[in-house]
Structure formats: C-alpha cells, structure tokens
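Visitor: what follows is a predicted protein model with its sequence.
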Amino acid sequence: MKKFYLWIFLPSLVGAFLPPFHDTVSYTKIINEIQTRKLDRIIIGNDLKETTLVEKSGHVEKINTEPMITTQIMKQAFDNNIEIGYKNKIYFPEWIVQALFSAPLLFIVWSVFQRFSPDFSQYEFDIESVGNSTFKDWGGSKEVLRECKETIRYFTNPNEAVKKPKGVLLEGPPGTGKTLLGRIIANYANATFIAFSGSNFVELYSGMGALRVRKLFDYARKNSPCIIFIDEIDAIGQHRKQSVIGNEEREQTLNQLLYEMDGFNQNNDVLVIAATNRKDILDQALLRPGRFDRIIHIPLPDKFSRREIIKIFLRDRAVEKGIDWDSFLLQTEGFSGADIEQWLNDANIHSLRASNETIITQESLWNSLERVRIGVKKEIDLRSDLVRRRVAVHEAGHTLISLCFSDYFMFQKVSIQETYSGVGGYTMFNVIPDFAETSMITKDLLLKQIQLLLGGRIAESVFYGDSYVSIGAHDDLDKANELCRQMVSQFGMGSKLNNVVSPQENDLSDQFLTMADQDTLALLRSAMYDTRRLVVKHKDFIERLADELVFDFSMNDKEVKTLWRTYNSKEF
C-alpha cells in the first residue's frame with residue numbers, strides 16, 4: 001500500500017520541483033531574419049510569452065519569450081512588412097495538465113481523511129447471544145455463586161424492601177471467569193445482553209467516546225430489561241487527574257458513564273456489569289453505591305474449586321482411570337480457570353501426538369503441566385557432558401534443600417532437560433497445603449524458601465569454587481533478594497526494623513532505607529550460610545544425584561526419595 005501511494009504522489013512531486021525548461025534563442029538572429037525577409041510571418045500567443053517563427057522555406061520554430069522582447073519583435077516585423085498573427089489562448093490542455101498533477105494529492109488527502117474520520121457505524125449496537133451458560137459451567141467459589149444468584153433475584157423480581165442493583169463490579173485476576181459470570185447472569189435474568197470492552201470507548205476525537213456511551217444507554221433503555229457488560233473497564237474508569245493536564249477524551253467518557261449510571265435518567269431495567277483486574281486504579285466516583293452497588297471479588301480457585309473446574313472441562317472428554325488428581329491439584333496451585341483449561345487441552349494434544357488417541361492419561365497430564373510451567377522441552381540435547389554435569393549439580397542443590405525441609409516442601413520432580421524458554425533444568429516442588437495458606441506463612445518458612453532458591457547457586461560454589469559459579473542462577477537470586485526485602489519492608493521481620501512496616505517508598509528517610517538494606521543483607525547472608533552448611537554436609541548425595549541426572553536426565557519423587565533414604569542409611 002505504501003508503494004501504491006508513492007507512485008501516485010511521484011508525478012506531483014516531479015511536477016512541483018522540476019525547474020521549467022528554457023530554450024535559448026539568439027535575439028540578434030531573429031531580428032536579422034526579419035530584416036533580410038527570410039521570415040514569412042510570425043504568430044504571437046500565450047499573452048505575449050510565446051512566439052512562433054514561420055520561414056519562407058516552411059521551417060517553423062516555436063520559442064518562449066518575455067512580453068517586452070515579443071513587443072520588439074512585433075515592431076521589427078511591422079516595419080519590414082512581415083505578417084503578424086495572433087493565436088487565441090486555449091484553456092483545455094492546461095486544465096488537463098493541472099488536473100493530472102493535482103489529482104494524486106487530492107486522493108491522498110481524501111484517503112487520510114477517511115482513515116482518521118469518525119466511523120459512525122460503530123455506534124450501532126448488536127444484541128449478543130449469551131448461549132446456554134448456566135451455573136453448572138461455573139466451578140469457582142460458592143460464595144461468589146451466591147452473590148450472583150442474589151443479583152439475579154433482585155434484578156428480575158424487585159422487592160420493595162431491597163433496592164434493585166444498578167451495577168455489579170467483578171474484580172479479580174485474569175482468567176478467573178468474570179466474563180463467563182456476566183453471561184450466566186444475563187442468561188438467568190432473561191435480559192438483552194450487550195457486551196463491550198472498555199477500549200471500545202477510547203476515541204481519537206474529543207467527545208466521541210461520551211457520545212458512544214450516551215447512545216449505548218439509550219439503546220439499552222429501548223431494549224430493556226438489558227444487561228450491559230463492560231470488560232476491562234479500567235481502560236476508561238481510571239482516576240481522573242487533579243491537574244489541568246490530562247486525558248480529556250477519557251475523562252469526558254468517564255463523566256458520561258457516571259451520569260448515565262446514576263443521573264437523571266431512569267435505568268430501572270438496565271444493569272451494568274463490569275469486569276476488571278485493576279480495581280485499585282478505578283475512580284472512586286465509579287465505585288460508590290448507586291453506581292456499582294455490588295463489588296464481587298473473584299479469587300484464583302482454591303483446591304476444591306480447581307477440582308470442580310477440572311470436572312467441568314473433562315465432562316465431554318475421555319479420561320484414563322486411576323489418575324492421581326490430588327497430586328495435580330497441588331501442582332496447579334495458583335492456576336486460574338483459563339490456565340487449567342489450557343493445561344487440559346495441552347494434555348489432549350499430547351495424547352493425540354503420542355498415541356493418536358484422545359484419551360487423557362497421567363503421563364500426558366504431567367507432560368502438559370511441565371510444558372505450561374516450564375516450556376517446551378528440547379528432544380535433542382546438544383550440550384556437552386561438562387555443561388550437563390554443571391546443570392545437574394545445580395538442580396541437585398535445589399533438590400537437597402527441599403528434601404532437608406520435607407516438613408515444609410513436597411518434592412515432585414527434578415530434570416536437566418533443556419527447554420526452548422531458556423531453562424537449562426528445573427526442580428518441581430510444592431509447599432505443604434497446611435502451610436500454603438497466607439495466614440500460616442511464617443518467618444521460618446520464608447527463610448527456608450530463600451534457602452531453597454539459593455541451593456543451586458551454593459551447590460555450584462561448593463563444587464566449582466566461588467570464581468566459577470555460572471549466571472544460570474540469576475532468576476533464583478532475584479527471587480531470593482526480593483523475598484528478603486519483602487520480609488523486611490512488608491512483613492516486619494528484620495532485626496533492626498523488627499515489627500516495623502515501611503510506608504510508601506517516596507516517604508522513606510535515608511536512615512530508614514539504610515537500615516532496611518542492612519536487614520535485607522543480613523537475612524540473605526544468614527540464608528546463604530545455612531544453605532552452604534547443608535550442601536557441604538550432604539555433598540556426597542548431591543554428587544550421586546548429579547550422576548543419576550546426567551545419565552537419566554530426570555527423576556521423579558519416588559526415585560529421588562529412594563536415593564535419599566539409601567543415602568541416610570549409609571548404604572552407598
């Protein structure tokens with residue numbers, strides 16, 4: 001397309017910047033030809049700027065002249081009895097030339113205008129189908145389900161004692177089913193459903209977003225009862241700036257939305273459902289009662305919810321019997337509903353690839369889980385034995401720490417298989433469910449997590465020396481340092497800043513920051529010392545485990561725990 005515009009614009013560019021062509025003719029020669037009567041006649045044209053010389057021999061020469069020169073030539077011709085003619089100006093050819101040069105420019109201007117002019121067809125709204133979404137398709141929290149059922153009941157059957165809700169805000173992490181809940185509510189409410197994203201209201205021209213909001217609510221009132229679902233409402237609902245400088249278009253759109261939700265217009269049969277994962281940046285006027293009467297938090301699914309979500313996604317799929325779902329429920333801690341769907345779909349794909357069957361097996365579930373968490377594994381390892389040995393020592397260090405603190409951590413698997421995401425090896429483990437709850441996370445557990453993160457780096461240091469540790473542990477170091485800083489600044493677990501939680505960093509004094517850095521460094525050094533002590537004590541186990549990994553590439557929990565029991569019984 002860019003080349004097309006270039007070729008159209010090129011003639012205009014050439015015509016505009018090329019200098020006019022001038023032919024040089026001797027004035028003395030013309031006068032001489034007139035006086036010697038070699039010319040039969042002369043023809044004057046183009047407002048005395050063009051002279052045509054016709055010789056008696058029949059030769060014709062057309063020259064461009066200035067009006068003053070043309071007048072002198074006419075005087076000499078008149079004095080020597082040479083016929084003088086005059087050619088009328090013809091406008092048509094000049095108009096054609098001007099049109100040819102102007103048309104491409106006009107076309108480009110018209111194209112740019114069409115591209116950036118408001119598209120008023122987008123202000124036409126379509127009623128979307130909610131499908132057959134029911135509460136059976138929802139596997140999340142029962143408390144969330146109850147809130148949604150109450151919203152449906154009071155919207156469809158208003159009670160004089162209970163005010164009909166005007167708005168419901170669904171807030172929570174991405175992939176937790178906020179859009180699905182919006183469809184379920186619309187289905188049970190038997191209402192018209194109009195779905196939009198917050199970015200649909202962001203316009204280039206001032207006032208267009210507000211116009212769209214106004215037309216949207218007008219359309220909803222005409223098709224009531226109606227549910228308007230706005231996904232990612234934070235695109236237009238952010239805090240309005242206190243300064244003069246701000247996004248005027250977005251703020252006009254937000255002001256119009258605030259007015260439509262709780263202004264002079266009656267919206268008794270219009271319910272606004274919005275979804276966001278950034279409630280903290282929404283304008284307070286948007287969150288007040290009367291606009292969003294109910295704010296429902298949609299959390300990441302807990303163990304029970306993950307089990308229900310898995311059942312929902314596996315309703316129409318063939319599954320192998322005897323799968324240990326409890327182990328998978330532990331490994332999927334922190335997964336959203338969308339993550340679980342992706343994991344199960346990948347398991348189905350893996351089964352098709354491996355055996356050309358659609359039956360989901362224990363093996364396909366593990367492989368797809370590793371793919372989701374770690375990345376795609378390389379089937380051919382081109383690394384040297386020296387590199388694989390170093391990676392094996394690193395991962396064996398992580399494994400050792402998880403086994404030493406088995407009261408806190410459940411070891412799952414260790415591997416030195418390289419992945420396309422840049423991971424040279426990985427160790428999979430979980431925190432014991434009793435300690436995974438936020439209220440049960442103790443200082444001791446956090447210190448053990450830091451030691452686990454440092455296990456690989458310390459193992460390299462013990463086996464190869466401090467001068468020969470690799471940069472492969474940079475991610476572990478980042479996490480360990482960040483966790484130490486959180487313990488000091490957010491959890492009040494420092495020595496100098498014990499039980500002191502820091503306010504916003506902009507309000508901190510230099511002395512406070514210095515003490516926080518000292519406490520952070522003290523925690524990190526203490527964890528490194530304790531980790532090194534364990535690695536040195538169990539160096540033989542790390543060496544044996546590294547040998548096994550170099551040979552087998554990966555080991556599961558049973559194999560590693562058998563090796564650990566054998567080591568503790570001093571039989572190898």
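Guide: It's in. Source: prediction; values computed, not measured. Numbering: from 1, shown residues only.
Visitor: where does the stretch 151-300 of the chain have low pLDDT?
Guide: Low-confidence segments of the stretch 151-300 of the chain, defined by pLDDT under 70: 159-161, 200-207, 241-247, 249, 263-267.
Visitor: which residues of it fall in strands?
Guide: Under the criterion DSSP state E, counting those that start in this stretch, strands of the stretch 151-300 of the chain are mapped to 167-171, 192-197, 226-231, 270-276, 294-297.
Visitor: would you turn the ones you listed into JSON lines with mean neighbour count?
Guide: For every residue, glycine as well, the C-beta is placed using N, CA and C. Shown next, in JSON lines, are the strands of the stretch 151-300 of the chain (neighbours: other C-beta atoms under 10 Å):
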{"stretch": "strand 167-171", "mean neighbour count": "25"}
{"stretch": "strand 192-197", "mean neighbour count": "19"}
{"stretch": "strand 226-231", "mean neighbour count": "24"}
{"stretch": "strand 270-276", "mean neighbour count": "26"}
{"stretch": "strand 294-297", "mean neighbour count": "17"}
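Visitor: turn these into TSV, including distance to V423.
Guide: Shown next, in TSV, are the strands of the stretch 151-300 of the chain (distance: least, C-beta to C-beta, whole Å):
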stretch	distance to V423
strand 167-171	33
strand 192-197	34
strand 226-231	33
strand 270-276	33
strand 294-297	34
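Visitor: of those strands, which is nearest T156?
Guide: strand 270-276 (10.0 Å; C-beta to C-beta).
Visitor: could you dump that closest one to PDB, C-alpha only?
Guide: Taking Å, rounded to 0.1, in the frame of the first residue of the first chain, the C-alpha atoms of strand 270-276 are listed here in PDB:
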ATOM      1  CA  VAL A 270     -30.700  -1.700  32.900                       C
ATOM      2  CA  LEU A 271     -28.000  -3.500  34.800                       C
ATOM      3  CA  VAL A 272     -24.300  -2.700  34.200                       C
ATOM      4  CA  ILE A 273     -21.800  -5.500  34.900                       C
ATOM      5  CA  ALA A 274     -18.200  -4.500  34.600                       C
ATOM      6  CA  ALA A 275     -15.000  -6.600  34.900                       C
ATOM      7  CA  THR A 276     -11.500  -5.500  35.900                       C
END
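Visitor: angle of that strand against strand 226-231?
Guide: 10 degrees (axes from the mean of the first three to the mean of the last three C-alpha atoms, to 10 degrees).
Visitor: mind giving me the packing neighbours of the helix or strand harbouring N430?
Guide: Per DSSP states H and E, N430 falls inside strand 426-431. Contacts defined by 3 or more C-beta pairs under 8 Å, 6 or more residues apart in numbering; DSSP states H and E place strand 426-431 against helix 325-331, helix 385-404, strand 409-415.
Visitor: what lines up beside it in the sheet?
Guide: strand 409-415 (antiparallel) (DSSP bridges).
Visitor: flag every buried residue along the strand it pairs with.
Guide: If you call a residue buried by 16 or more other C-beta atoms under 10 Å, then strand 409-415 has these buried ones: F409, M410, F411, Q412, K413, V414, S415.
Visitor: isn't the second one right up against N430?
Guide: Yes - at 4.7 Å, M410 and N430 qualify as touching, with contact defined as C-beta atoms under 8 Å.
Visitor: name the residues contacting each of those two.
Guide: Listed as contacting both M410 and N430 by C-beta atoms under 8 Å, 6 or more residues apart in numbering are L330.
Visitor: before we move on, the earlier item: looking at the buried residues of strand 409-415, which is nearest N32?
Guide: Using C-beta to C-beta, S415 is the member of the buried residues of strand 409-415 that lies nearest N32, at 102.4 Å.
Visitor: quick one: low-confidence residue ranges for the stretch 401-550 of the chain.
Guide: The stretch 401-550 of the chain contains residues with pLDDT under 70 at 435-439, 503-508.
Visitor: which non-adjacent residue is nearest I281?
Guide: Residue nearest to I281 in three dimensions, not counting chain neighbours: Q238, with 5.2 Å by C-beta to C-beta, 6 or more residues apart in numbering.
Visitor: hmm, the one you found is touching L282, no?
Guide: Yes - using C-beta under 8 Å, Q238 makes contact with L282 at a distance of 6.9 Å.
Visitor: who's more crowded, these two?
Guide: Set Q238 next to L282 and count neighbours by other C-beta atoms under 10 Å: L282 wins out with 22 against 18.
Visitor: any idea how far the more buried one lies from K166?
Guide: Look at L282 and K166: by C-beta to C-beta, to the nearest Å, they are 16 Å apart.
Visitor: next one: F411
Guide: From F411 to K166 the distance is 52 Å (C-beta to C-beta).
Visitor: cool, and Q449?
Guide: Taking C-beta to C-beta as the measure, Q449 falls 45 Å from K166.
Visitor: check G494 too.
Guide: Distance of G494 to K166, computed by C-beta to C-beta: 47 Å.
Visitor: got it, and I349?
Guide: 44 Å.
Visitor: got it, and R389?
Guide: Distance from R389 to K166, by C-beta to C-beta: 65 Å.
Visitor: so L106: helix, strand or coil?
Guide: helix (DSSP: H, G, I helix; E, B strand; the rest coil).
Visitor: next, count neighbours for it.
Guide: By other C-beta under 10 Å, 11 other residues sit near L106.
Visitor: assign a three-state SS to L454, would you?
Guide: helix.
Visitor: wait, it sits on Y529?
Guide: No - L454 sits out of contact with Y529 when judged by C-beta under 8 Å, with a separation of 10.2 Å.
Visitor: okay, the two: which has more neighbours?
Guide: L454 (26 against 11).
Visitor: residues touching that one, list them.
Guide: D476, L477, A480, A527, M528, T531.
Visitor: of these, which is the most crowded?
Guide: Within these, T531 tops the neighbour count with 28 neighbours, counted by other C-beta under 10 Å.
Visitor: tell me the contacts of it?
Guide: Taking C-beta under 8 Å, 6+ apart as the test, what T531 contacts is I401, Q451, L454, G455, I458.
Visitor: alright, that wraps it up for me.
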